[in-house]
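**Q** when you get a sec, could you give me coordinates for this:
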Amino acid sequence: MRERTPLRSAALAARRFCLDCQGASPGAVRGCADTGCPLWEWRLPPAGRETPGDAGACSVTARAVLRAIRRQCVTCAGSRGDVRACAAREDCALWSYRFGVRPRTYREVRRRFFAPRELDLPLAPAQPAGTEDFLRAPAPVPTVKA
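**A** Sure, this is the predicted structure:
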């Protein structure tokens, strides 16, 4: 199969998935009777809901489409771990949106999560009374002038 380019919006990806499911027949997509499918509500073009070019907008509709795609992916794969390991990159129109977020958002979160961080070590425990650290010189005692 040919490699697909990521679609501009989740709604277009849902539409493409429905077309693939119904054999590339728009009439079959319109007449789809599988109301139990998470993408059933999003199978038709987004007439009046939101323009497909609004990929940057994170409206209620966009979030609802992303949640529906996530449910479809979990249903298809079987579990959340299997969704993460999904190998249908070239075959599935939903692959880029399988985590329930836009691909750009996922890349940003992943970059922040795996970014190098400063090592945060706890403070060294205090020395018990009577033991002295011979490697370190004692700290000077401040004098107070009266």
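
**Q** please count neighbours and contacts with C-alpha atoms only from this point.
**A** Will do.

**Q** count the neighbours of residue 90 for me.
**A** 13 (other C-alpha atoms under 10 Å).

**Q** what do you get for residue 19?
**A** For residue 19, using other C-alpha under 10 Å, the count is 20.

**Q** now residue 28
**A** 14.

**Q** was I right about it contacting residue 18?
**A** No. Residue 28 is beyond contact range of residue 18, at 9.3 Å (criterion: C-alpha atoms under 8 Å).

**Q** and the helices in this protein?
**A** For the chain, applying DSSP state H gives helices covering 10-21, 26-30, 60-77, 80-84, 103-113.

**Q** need those helices in JSON lines (columns: mean pLDDT).
**A** What follows is the helices of the chain, written out as JSON lines (pLDDT from 0 to 100):
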{"stretch": "helix 10-21", "mean pLDDT": "90"}
{"stretch": "helix 26-30", "mean pLDDT": "91"}
{"stretch": "helix 60-77", "mean pLDDT": "90"}
{"stretch": "helix 80-84", "mean pLDDT": "91"}
{"stretch": "helix 103-113", "mean pLDDT": "85"}
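
**Q** would you turn those helices into a markdown table with distance to residue 43?
**A** Below are the helices of the chain laid out as a markdown table (distance: least, C-alpha to C-alpha, whole Å):
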| stretch | distance to residue 43 |
| --- | --- |
| helix 10-21 | 5 |
| helix 26-30 | 7 |
| helix 60-77 | 10 |
| helix 80-84 | 21 |
| helix 103-113 | 21 |
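
**Q** of those helices, which is nearest residue 121?
**A** Nearest to residue 121 among the helices of the chain is helix 103-113; the distance by C-alpha to C-alpha comes to 19.1 Å.

**Q** thanks a lot, catch you later.
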